[in-house]
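S.K.: Turn this into a model:
(one chain, ligands or ions: 3)
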Amino acid sequence: MATVAKVVVDVPTMQTNQPYDYAIPADMVDQAVPGVRVVVSFGKGTREVMGVIVATTDQQDFDGELKPVLRVLDDHPILDAELLALSRWLADDTFAFWITCLQAMLPSALHADTKWLANGAKTVGSRGHVATEDFIVPLLAPDEYTTLAEQQRRNATRRIKLLTALAQWAASHDEPRLHAVVGPDSFDRATVTAGAKQGWLRIESREFYRRPYAQLDAQARTQPLTPTPQQQRALDALIPAITAEQDRTFLLEGVTGSGKTEVYLQAIAATLARGRNALMLIPEIALTPQMVRNVKGRFGADVAVLHSALSDGERFDEWRRIERGEARVVVGARSAAFAPLTNIGLLIMDEEHETSYKQDDAPRYHARDVLQWRGAYNHAPVLLGSATPSLESRARAAKGVYTYLLMPERANQRPLPPVQVVDMRSAQLDSASGDFSTVLLNALRTRLDRHEQSVLMLNRRGFSSFVMCRECGYVAKCPNCDISLTLHLDSHTLRCHYCGHEEAVPTVCPSCGSRRIRYYGTGTEKVEQTLHQILPEARVLRMDVDTTRRKGGHAKILKAFGQHQADILLGTQMIAKGLDFPDVTLVGVINADTSLGLPDFRASERTFQLLTQVSGRAGRADKAGAVIVQTYNPDHYAIQLARHHDYERFFVTEMGIRHRSGYPPYYFTFKLTVSHPEDRLAAKAIYQLAAELKQSLSDQAVMLGPTRGAIARLKRRYYYQIVIKYKKEPQLHETLERLLTTTQVGSRNVFQIAFDREPLSFV
Ligand code: ADP
Ligand code: ZN
Ligand code: ZN
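M.R.: Numbers count the residues shown, from 1 in each chain. Ligands and ions are numbered 1, 2, ... in the order given. Purely as a prediction, here's the structure:
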């Protein structure tokens with residue numbers, strides 16, 4: 001019998017990255033099992049903390065008397081053996097605290113919070129977040145109700161009405177929802193309560209699910225399409241791997257419109273037919289509502305959807321449906337990689353090149369690695385799909401590490417749209433605006449005349465609006481962080497998106513006193529105004545952070561555009577994703593260059609991906625499409641090759657550059673960041689770390705830095721960083737572990753070290 005629980009406590013320090021032993025009181029033996037949350041006391045005194053039991057045993061490692069487990073918070077394990085093992089691997093792989101990894105796997109409704117710990121954590125466990133509703137349960141037989149109804153006084157009309165209804169419910173075994181029954185033209189609550197007192201009925205509180213997509217579930221299911229030959233070839237490779245339960249990775253490279261979705265859907269169907277379940281990740285659900293609709297359309301209520309735009313309650317309920325085996329297909333964004341789905345037979349990652357799959361807070365994982373870990377655990381294939389695979393994945397496919405599947409044609413045989421590159425250095429600009437070349441403007445006019453739709457993308461480096469003085473160039477910045485404040489038009493305040501600092505919008509410049517302080521929008525607003533001037537008859541929908549801040553904002557705009565309520569959809573990068581509108585025949589990119597200018601070795605790759613994605617929005621149905629790209633760098637290879645839809649040439653060219661300059665995928669990379677409230681001490685710590693690293697690294701490894709962080713000051717802390725590039729450093733992991741656990745850099749509360757394996761960028 002297990003008498004000792006190994007508990008990972010919610011005290012994130014490196015010293016507590018191993019489980020602690022606690023005694024299991026005799027009356028808790030049945031509940032205190034691996035995968036439940038518990039409350040234990042930690043350290044000296046009576047401080048109570050949350051923890052997760054990761055194992056139980058009858059032998060203690062710690063000699064001395066063990067403290068007892070105080071309370072068990074869950075009535076069943078909320079993390080199964082797979083997720084517990086995954087959490088340990090994740091902690092090792094990302095150098096994160098184990099407890100942080102465990103919490104990353106749980107919906108926020110199940111996270112520890114100090115409030116409920118202070119309250120004794122009795123009422124709030126996994127039960128406390130369940131939504132319940134009252135139901136009316138008839139207790140007598142139908143004819144008993146009829147008899148009772150006859151015995152009532154004539155004028156007791158309400159009672160008679162209730163008894164008659166109860167007779168019906170009892171006959172049909174209906175247990176109606178109380179709130180649906182009580183109402184102005186039915187029963188009042190007092191009558192129902194009186195009926196309960198009489199022993200006629202019972203009011204029973206029952207759990208129900210908050211269902212975000214109930215409407216979609218009610219719709220008729222779509223039928224599988226007959227695969228095109230290229231889809232059939234992909235399926236012929238995939239389905240045997242699903243059936244044979246092989247943990248292989250496939251890279252499905254398919255041009256935009258090649259029909260990758262149908263391949264996913266048929267592969268999922270094959271998985272379900274085999275009695276196994278499927279997990280599918282998509283980059284940002286808010287931006288690609290069509291994918292959820294497609295998967296729900298085929299598999300209905302068997303599909304659970306997990307993403308951050310759901311309310312905590314909705315997410316918790318979808319999570320429970322998965323945990324209970326009531327959903328067999330999970331579609332979700334990054335963190336859905338940890339969905340409590342069992343018996344997984346297929347893992348899919350759509351748009352596998354997307355940066356949103358990498359988390360930039362601890363644990364700094366890439367969802368692709370998590371899927372591959374779960375694929376190995378479950379003996380299931382992983383399918384990565386993209387029109388523009390990441391260089392890392394395409395290189396692995398070239399080496400044969402991944403199985404390479406290519407779909408070079410559109411499913412409907414439509415050619416990819418021709419792309420015209422407009423050289424803005426010499427372009428004739430319409431006098432009304434420097435943003436529109438005559439070519440683009442004329443193309444927009446033609447679409448208007450033909451009642452066709454256009455998509456216009458403004459490639460922006462950031463996404464936010466800010467305030468600047470036209471006199472002296474002053475930009476409002478956060479007093480705690482080295483970051484400009486973002487203007488929120490709705491509340492008319494300036495807010496720091498890093499620390500939450502908030503202040504009023506100034507009317508005079510705090511620096512020079514001038515009144516010429518102006519608001520600079522996302523750029524899209526300015527372009528929208530210009531469009532109104534030069535094409536007054538055009539109806540324009542704008543999609544950017546300002547217009548999509550509210551819940552469901554994206555969906556509303558996309559729906560309106562889909563219903564042809566506008567001629568032009570104008571937006572930032574967020575419109576480049578999987579939109580599929582049949583009447584869009586023109587895509588215009590107002591400025592292709594901004595992403596090229598990023599100080600990032602992936603700048604060309606990002607630009608190529610973005611241009612390819614957005615071009616793919618044109619001419620998807622019967623009408624031919626066209627793309628116009630405005631740029632000040634018309635000869636840049638990323639722009640030229642995107643123009644020719646030539647991923648292969650781009651891959652080869654870019655690999656050459658990465659090889660010559662020693663970047664991924666030829667090198668592995670690792671970023672190490674140190675921060676401290678005092679600049680001097682942060683600098684001292686990073687140089688100390690650099691010195692120690694230099695000693696243990698081989699001379700094959702390259703160290704970049706130490707340098708100041710790209711954001712040198714954040715939340716009143718100063719940041720410094722080192723990037724290591726290496727090919728083979730078997731000692732590296734151990735060295736970093738040692739650096740983390742030794743106290744060389746001082747007390748951990750003041751210094752913070754962050755490790756990032758394969759960072760998305762060096763800045
Ligand atoms: P991708 O995700 O590869 O860009 P989609 O999956 O969106 O492409 O497919 C593009 C279009 O082709 C969609 O409208 C889809 O319905 C259609 N399509 C895909 N496969 C087939 C097929 N086998 N037969 C007919 N139409 C198809
Ligand atoms: Zn000023
Ligand atoms: Zn700040």
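S.K.: going forward, measure contacts and count neighbours with C-alpha atoms only.
M.R.: OK.
S.K.: three-state assignment of residue 56?
M.R.: Following DSSP: H, G, I helix; E, B strand; the rest coil, residue 56 is assigned to strand.
S.K.: wait, it sits on residue 5?
M.R.: Yes: if you go by Cα atoms under 8 Å, residue 56 and residue 5 touch, sitting 4.5 Å apart.
S.K.: quick one, which of those two is more surrounded?
M.R.: Taking other Cα atoms under 10 Å, residue 56 and residue 5 do not tie; residue 5 has more neighbours (27 against 22).
S.K.: Secondary structure of that one: a helix, I assume?
M.R.: No: secondary structure of residue 5, determined by three-state DSSP: strand, with no helix assignment.
S.K.: which parts of this structure sit against ligand 1?
M.R.: Counting by Cα under 6 Å from any ligand atom, the positions of the chain adjacent to ligand 1 are 225-228, 254-262, 411-412.
S.K.: Overlap of the contact sets of residue 56 and residue 5?
M.R.: residue 33 (Cα atoms under 8 Å, 6 or more residues apart in numbering).
S.K.: Residue 278: helix or strand, and which one exactly?
M.R.: Using DSSP states H and E, residue 278 sits within strand 277-281.
S.K.: which residue ranges form the strands in the stretch 651-763 of the chain?
M.R.: Under the criterion DSSP state E, counting those that start in this stretch, the stretch 651-763 of the chain contains strands at 668-676, 702-714, 717-726, 752-757.
S.K.: pLDDT (mean, whole number) over the first one?
M.R.: Taken as a whole, strand 668-676 has an average pLDDT of 91.
S.K.: Could you list the contact residues of the protein toward ligand 3?
M.R.: Neighbours of ligand 3 within the chain, by Cα under 5 Å from the ion: 478, 480-481, 496, 499.
S.K.: Highest neighbour count among those?
M.R.: Scoring these on neighbours with other Cα under 10 Å, the highest-scoring entry is residue 478 at 25 neighbours.
S.K.: which residues does that residue contact?
M.R.: By Cα under 8 Å, 6+ apart, the contact list for residue 478 reads 484-485, 495-496, 501.
S.K.: same check, this time on residue 39
M.R.: Applying Cα under 8 Å, 6+ apart, we find residue 39 in contact with 48-51, 69-73.
S.K.: Go ahead and report the secondary structure state at it.
M.R.: strand.
S.K.: in this protein, which helix has the most residues?
M.R.: helix 679-696 (DSSP state H).
S.K.: Does that helix pack against any helices or strands, and if so which?
M.R.: The helices and strands touching helix 679-696, judged by 3 or more Cα pairs under 8 Å, 6 or more residues apart in numbering; DSSP states H and E, are strand 668-676, strand 702-714, strand 717-726, helix 732-741.
S.K.: JSON lines for the ones you listed, including distance to residue 25 and mean neighbour count?
M.R.: Formatted as JSON lines, those follow (distance: least, Cα to Cα, whole Å; neighbours: other Cα atoms under 10 Å):
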{"stretch": "strand 668-676", "distance to residue 25": "43", "mean neighbour count": "21"}
{"stretch": "strand 702-714", "distance to residue 25": "46", "mean neighbour count": "17"}
{"stretch": "strand 717-726", "distance to residue 25": "44", "mean neighbour count": "23"}
{"stretch": "helix 732-741", "distance to residue 25": "33", "mean neighbour count": "15"}
